[in-house]
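Chemist: Okay, here's the prediction I keep looking at, along with the sequence it came from:
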Amino acid sequence: MQTDNSSSSNMSLILRDSTPADVPACADVYREAVRNGTGTFELEEPDDAEMGKRRDAILAQGLPWLVAERAGQVLGYAYANQFRPRRAYRFCVEDSIYLAPAARGQGVGKLLVAARLLLVAMHRERFCRRLLAELLPPRREDGGNAFWDAVGAPLTGLSYYRADLLCRTDK
């Protein structure tokens, strides 16, 4: 899958399947998320070799790992992975998106979400019956979430607050 989208700076944003050559850049993006975020649930930054193993394991399942690049620079990536290893979860995948700090707020995440959802929808028999997502970026002072407002709310018709209430496990 490859999609070309013009940005405000007239440089093309390309969404495409990842290659082994993308692993170091994806690893850099992920390590920044480990250092400065909470959504990875990791305390140690994986090296390039470990990220390569993770990518290979996802692709071996026939699941997508996409990258967004502009001017040859990887700005972010998205993938779908098996939700849980138990057999009953075999039709559930979970999705993840990671963006370089410089790419945030430019629509790169929205395009990765759209591309991944289209890919899964076009090949539903290959991927899953259920796609699960956990949204962990910071909330605004009003309790909302800009990414949810741009991507989740139009798809679900729910505010971030309402979606969060429906999905909480600590009720």
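Modeler: Received, thanks.
Chemist: only C-alpha atoms for contact and neighbour calcs from this point on.
Modeler: Will do.
Chemist: What's the first helix or strand after the helix or strand of the chain with the lowest mean pLDDT?
Modeler: Ranking every helix and strand in the chain by mean pLDDT, DSSP states H and E puts strand 2-6 at the bottom, with a mean of 49. Later in the chain than strand 2-6, the nearest helix or strand by DSSP states H and E is strand 12-17.
Chemist: Does the helix or strand just after that following strand pack against any helices or strands, and if so which?
Modeler: Following strand 12-17 in sequence order, the next helix or strand is helix 23-36 (DSSP H and E). Secondary-structure packing of helix 23-36 (3 or more Cα pairs under 8 Å, 6 or more residues apart in numbering; DSSP states H and E): helix 48-60, strand 73-82, strand 92-99.
Chemist: What mean pLDDT does helix 23-36 get?
Modeler: Mean per-residue pLDDT for helix 23-36: 96.
Chemist: That one relative to helix 48-60, how many degrees between them?
Modeler: If you take axes from the mean of the first three to the mean of the last three Cα atoms, to 10 degrees, helix 23-36 sits at 110 degrees to helix 48-60.
Chemist: what's the most buried one of the helices and strands packed on helix 23-36?
Modeler: Of those, the one with the most neighbours on average (mean count of other Cα atoms under 10 Å) is strand 73-82, at a mean of 23.
Chemist: Tell me how many other residues crowd Leu111.
Modeler: 18 (other Cα atoms under 10 Å).
Chemist: scratch that, Leu43 is what I was asking about
Modeler: 9.
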